[in-house]
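> Pasting the sequence and the predicted coordinates here, then a few questions.
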Amino acid sequence: MEQIKKSLNEIVKSLISEKKVEYVFGFEEGTLPLKSVPLYIEKEEDIDRMIWNEYCNLNLVKFLLEEPHGKKIGIILKNCEIRSLIVLINENQINREDIVIIGVPCSYGIIDFNKVSKLIGGKEFTEFKKNGNDYTFKGVDFEKTIKLQDILSNSCVYCKDKNPVEYDYLVEAPIEFKTIQEEDIDEYLDVIEFEKKKPKERWEYFKKELEKCTLCMACRESCPLCYCKVCFIDSNQPQWFDKTEDLSEKLLFHMTRAIHLAGRCIMCEACTRACPEGINIHLLYKKLRKMSKDRWNADKIELGDPSVLGSYKIDDPQEFMVKED
Amino acid sequence: MEDTEKTEEIQVIAPTDKVTDENWEPKIIAFLCNWCSYAGADLAGVSRIQYPPNVRVVRVPCSGRINPLFILKSLQVGWDSVLVSGCHPGDCHYISGNYYARRKFSVLDDLFEFMGIDKGRVNFSWVSAAEGAAFANIIEKVTEKTRKLGPNRLFKEL
């Protein structure tokens, strides 16, 4: 971590002092423990406030979408976030020339706040201490030590893609991640496990999970790939949704959103981490990513690739078609 | 609002008749592409080929025009099943619309499979303008399939 921090500081300092960018997006310590907030680094003295650690778990790319074109901006990103930036560049939302990417090899992964709060029973903690891979959370009437493996975001558990694929500056860092994860597991293990259940169980699972949804749109707002000016759920011409609390509306919303993310989802799991009800909504999107791999062999998104639903092959599989006798 | 200019006049209307389990008949909404399947349906009519009267047709310019949301919404408002039909691959009036449509349909198909929803309610087919008999045959097949599945309570009983 220290090495990453030092290397980051040097890069950001040179970018700012040589005026290569207008500002750099980074993180600073939040007001609550284990929370980070985005930081605009405009001047050299801002660099001291910058942090980089396992709880920098917001996707800064989301902020780039609000910036006007033609402004040179630096941004510190992990590989999953770089993938999301690549999708946005491919879809002409962001100009590659405007962005200076500072790639950081992901050594730890990031912490899922929902997992922490589940493990400490929904209580509020006011302090936390870090000792190697052990995290000690202290609240008013409790103290609990949790291992990093248990609170790591699922996306990081399954992640196999830790080194930046596209960058202007690369931060040198040793990969410490392998010590946390002992076995080599399939990237789509949770999807494969879920597919083994009976159809009825799966339908019941989704009904039960989505019943909890309050349509707060946290998943949409946290998703780096959701950038429509008017979302289909907010659109009133045509009005697809009555904005009721009905379960069918929730199912429809999440199914349609999954279709919109089909083959685009970069599996950062920001949606699941953002969900205040703790719904593992990412499972749907991950399934469609797996599908695009199985069907069209398109699961790694590289710069310049066409989108999965915006391209086709003449011999795409079509076994699901109804045929006449 | 920003989107008032590009008004899309689309409404999926629910079947209106009072339905009980005794007099229930499958109601199928069919999205047919203007150039092939709609003409195919027309040919079936002109050739006086008999097929079940359970289908209601919505004409769309191309199968590529069909948003998966149309299909989901149709099921939500109570249609018993949905049929989507377009030109055979390679025959699209707009050259490649049906290829894009095919990708969208496979996404929807896999999503239904994954969520454990019965896939019989959503049907995709290719029917050309010359295939009146094939159109009638597909309608028969889909109607039969829907009859077996029973009334659509997928989103109703939630």
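All right, it came through fine.
> Which residue does the stretch 51-200 of chain A have closest to chain B?
Here the residue of the stretch 51-200 of chain A nearest chain B is A:Pro199; by Cβ to the nearest Cβ that distance is 3.7 Å. For the C-beta atoms, the positions are set from N, CA and C on the backbone; glycine is no exception.
> To what extent is that residue buried, counted in neighbours?
Number of residues near A:Pro199 (other Cβ atoms under 10 Å in any protein chain shown) recorded here: 15.
> Same question for A:Lys138.
Counted by other Cβ under 10 Å, the residues lying close to A:Lys138 total 15.
> Look up the residues forming beta bridges with it.
Bridge pairing for A:Lys138 (DSSP bridges) gives the partners A:Glu127, A:Glu143.
> mind listing what it touches?
Neighbour list for A:Lys138: A:Phe125, A:Thr126, A:Glu127, A:Phe128, A:Lys129 [criterion: Cβ atoms under 8 Å, 6 or more residues apart in numbering or on different chains].
> ok, and the most crowded of these?
Neighbour counts for the contacts of A:Lys138 peak at A:Phe125, which has 19 neighbours (criterion: other Cβ under 10 Å).
> Report the separation between that one and A:Leu32.
Separation of A:Phe125 from A:Leu32 (Cβ to Cβ, to the nearest Å): 9 Å.
> what do you get for A:Glu319?
From A:Glu319 to A:Leu32 the distance is 51 Å (Cβ to Cβ).
> So those two - more neighbours on which side?
Neighbours were counted for A:Glu319 and for A:Leu32 using other Cβ under 10 Å; A:Leu32 has more, 11 against 7.
> That one in helix, strand or coil?
Counting by DSSP: H, G, I helix; E, B strand; the rest coil, the backbone at A:Leu32 sits in coil.
> what do you get for A:Leu210?
Here A:Leu210 is helix, with the state taken from three-state DSSP.
> residues near it, how many?
Applying the criterion other Cβ under 10 Å, we find 24 residues in the vicinity of A:Leu210.
> That one reaches A:Ser248, doesn't it?
No. Counting by Cβ atoms under 8 Å, A:Leu210 sits too far from A:Ser248 to count as a contact (9.8 Å).
> and A:Asp134, how many neighbours?
A:Asp134 has 11 neighbours, counted by other Cβ under 10 Å.
> In space, what's closest to the residue nearest the centre of chain A - neighbours in sequence excluded?
Closest to where the C-alpha atoms of chain A average out (Cα atoms, centre = their mean) is A:Cys268, at 2.8 Å. Among residues not flanking A:Cys268 along the chain, A:Cys80 sits closest, at 4.3 Å (Cβ to Cβ, 6 or more residues apart in numbering or on different chains).
> Now do the one you found: how many residues are near it, please.
Other residues close to A:Cys80 by other Cβ under 10 Å number 24.
> Hmm, it is touching A:Ile266, no?
Yes. At 6.1 Å, A:Cys80 counts as touching A:Ile266 under the criterion of Cβ under 8 Å.
> circling back: I'd like the contacts of A:Lys138 written out as JSON lines, with distance to B:Ile95 and pLDDT added.
Output for the contacts of A:Lys138, formatted as JSON lines (distance: Cβ to Cβ, whole Å; pLDDT from 0 to 100):
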{"residue": "A:Phe125", "distance to B:Ile95": "60", "pLDDT": "86"}
{"residue": "A:Thr126", "distance to B:Ile95": "63", "pLDDT": "87"}
{"residue": "A:Glu127", "distance to B:Ile95": "64", "pLDDT": "86"}
{"residue": "A:Phe128", "distance to B:Ile95": "59", "pLDDT": "85"}
{"residue": "A:Lys129", "distance to B:Ile95": "63", "pLDDT": "87"}
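> Name the SS class of the nearest residue to A:Leu303 once chain neighbours are set aside, please.
Nearest residue to A:Leu303, sequence neighbours excluded (Cβ to Cβ, 6+ apart): A:Ile86, at 5.3 Å. Classification of A:Ile86 using three-state DSSP returns helix.
> Touching, A:Ile86 and A:Ile301? I think so.
Yes. The pair A:Ile86 / A:Ile301 is scored as a contact, 5.8 Å apart, by Cβ under 8 Å.
> which strands and helices sit next to the strand or helix carrying B:Val82?
Using DSSP states H and E, the element containing B:Val82 is strand B:81-86. Under the contact criterion of 3 or more Cβ pairs under 8 Å, 6 or more residues apart in numbering or on different chains; DSSP states H and E, strand B:81-86 touches strand B:28-33, helix B:37-46, helix B:68-77, helix B:97-115, strand B:122-126, helix B:132-149.
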